[in-house]
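Q: turn this into a model:
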Amino acid sequence: MTKISLIQNKTLGLAAALLTVSIWASFLVGTRFAVKGNFTVEEVLILRLVPGAIALSPLMLKFDLIPRDQSWVRAIILMFGASAIFPYIVSSGLIYAPASDGGALAPGVLPFWTALAAFFIAKERPSRLRKFGLVLILSGALVVSLWEIFFNASSDAWKGHLRFLAGSGLFAIYSVIFRQSGLSPLHSLIIGLFWGTLFIVPFLLWSGNVSFSQSNTHEIILMTILQSFIIGISATFLYNFAVQQLGAAESGAFGALTPILALIGGVALLGELFEPTKVLGITLVTIGVLLASGIIGRTPT
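A: Model prediction:
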């Protein structure tokens, strides 16, 4: 591959990463609105999986739907992780905590988790500058979370915070495993939609929390467009493409830009509080991503 091609691929990867974090912010704000209003978490996830699977079903006939040459643990993560399990965990957290907290503790802490996953799974060692950025990211996330825990003890926000951190950590593992799998972004997307719809949707229906009785047709259509086609398909494809071009740790670092967008959206659209301490934490996270991205002067390997 020529130097020009590498630069072009890197530029496309950067653009894909930036588009992804913008969509992630809309996911947090839109899902917070949904689960606090007329949709259950299970209904939101069904609208994320089923329409996308139907739309891309012709491609499922052309792709191998089983991740080959993978251990069973890696195969399960590729089959169910990004399409169903991680979105469910993060979405359930939005029942308890605002979108701005979700932005800081889910995609915001993704660079930290991804660096750890890349170190243990892929043996990648971050530079000193990236390490400092990761420390800032973790510090900012703790400011957001611990302030809520210690100074608002009556709140259940901590339940959401734990879900955000868990979902982010699992997604980081998926990112590294996808990078090593050799799958294309589209192939990985198809695999996730197929298996997530086939096995997770029946479980969601069995839960008894799926009736759509509190939502009308217009709301269902809008939520389907947001969850399935914008987030489930577009964001997943773009993120996988960014990982392919830049690497898991570098792409994950862009997730820390999401808190700013989620904070703005939460305040402007959902009436969430603009708390100075939370702004401080999100600012630390954002500065951290500029240092932890590790993309300056580096080409994909």
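
Q: now S188. Nearest residue, chain neighbours left out?
A: N240 (5.3 Å; C-beta to C-beta, 6 or more residues apart in numbering). C-beta coordinates here come from the backbone N, C-alpha and C atoms, glycine included.

Q: just the helices in the stretch 1-150 of the chain please.
A: In the stretch 1-150 of the chain, the helices defined using DSSP state H, counting those that start in this stretch lie at 3-35, 41-55, 57-60, 72-76, 86-93, 99-105, 110-122, 128-151.

Q: tell me the most buried of these?
A: Here the criterion is mean neighbour count by mean count of other C-beta atoms under 10 Å, and of these the winner is helix 99-105, at a mean of 32.

Q: mean confidence score for that one?
A: On average, the pLDDT along helix 99-105 is 79.

Q: name the helices or strands packed onto that helix?
A: Secondary-structure packing of helix 99-105 (3 or more C-beta pairs under 8 Å, 6 or more residues apart in numbering; DSSP states H and E): helix 3-35, helix 128-151, helix 157-181, helix 258-270, helix 276-292.

Q: in CSV, list the ones you listed along with distance to S57 and mean pLDDT.
A: Shown next, in CSV, are the helices and strands packed on helix 99-105 (distance: least, C-beta to C-beta, whole Å; pLDDT from 0 to 100):
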stretch, distance to S57, mean pLDDT
helix 3-35, 23, 82
helix 128-151, 39, 75
helix 157-181, 22, 90
helix 258-270, 31, 73
helix 276-292, 37, 77
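
Q: related to what we said a few turns ago, now the helices of the stretch 1-150 of the chain as a markdown table including distance to S228?
A: Listed next are these as a markdown table, based on distance: least, C-beta to C-beta, whole Å:
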| stretch | distance to S228 |
| --- | --- |
| helix 3-35 | 11 |
| helix 41-55 | 4 |
| helix 57-60 | 13 |
| helix 72-76 | 22 |
| helix 86-93 | 11 |
| helix 99-105 | 19 |
| helix 110-122 | 22 |
| helix 128-151 | 29 |
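
Q: nearest to L170, of those helices?
A: Smallest distance to L170 across those (C-beta to C-beta): 5.3 Å, for helix 86-93.

Q: so how far is the closest one off the chain centroid?
A: Its chain's average C-alpha position is 10 Å from that of helix 86-93, according to C-alpha atoms, centre = their mean, to the nearest Å.

Q: distance of W206 from G140?
A: The gap separating W206 from G140 is 39 Å, by C-beta to C-beta, to the nearest Å.

Q: scratch that, L246
A: Going from L246 to G140 by C-beta to C-beta gives 22 Å.

Q: wait, which of the helices and strands packed on helix 99-105 is closest to A55?
A: A55 lies closest to helix 3-35 among those, at 17.0 Å (C-beta to C-beta).

Q: tilt between the closest one and helix 86-93?
A: Here helix 3-35 runs at an angle of 40 degrees relative to helix 86-93 (axes from the mean of the first three to the mean of the last three C-alpha atoms, to 10 degrees).

Q: show me what helix 3-35 is packed against.
A: helix 41-55, helix 86-93, helix 99-105, helix 236-246, helix 248-253, helix 258-270.

Q: gap between the residue nearest the centre of the chain and N209?
A: Most central in the chain under C-alpha atoms, centre = their mean is P107, positioned 5.8 Å from the mean C-alpha point. If you measure P107 against N209 using C-beta to C-beta, the figure is 26 Å.

Q: and L65, by the same measure?
A: Taking C-beta to C-beta as the measure, L65 falls 28 Å from N209.

Q: identify the residues contacting Q180.
A: 121-122 (C-beta atoms under 8 Å, 6 or more residues apart in numbering).

Q: mind doing that once more with 10 Å?
A: 70, 74, 118, 121-122, 248 (C-beta atoms under 10 Å, 6 or more residues apart in numbering).

Q: then R128?
A: Here R128 is in contact with L291 (C-beta under 10 Å, 6+ apart).

Q: got the contact list for W195?
A: By C-beta under 10 Å, 6+ apart, the residues touching W195 are 53, 65-67, 75-76, 78-81, 83-84.

Q: where does it fall, secondary structure wise?
A: Element membership for W195, per DSSP states H and E: helix 185-195.

Q: angle of that helix against helix 41-55?
A: 120 degrees.

Q: and the next helix or strand past helix 185-195?
A: Using DSSP H and E, the helix or strand that follows helix 185-195 towards the C-terminus is helix 201-206.

Q: one step back: how about the helices and strands packed on helix 3-35, which one is nearest S213?
A: helix 41-55 (9.7 Å).

Q: show me what that closest one is packed against.
A: Other elements packing on helix 41-55 under the criterion 3 or more C-beta pairs under 10 Å, 6 or more residues apart in numbering; DSSP states H and E are helix 3-35, helix 86-93, helix 185-195, helix 201-206, helix 217-224.
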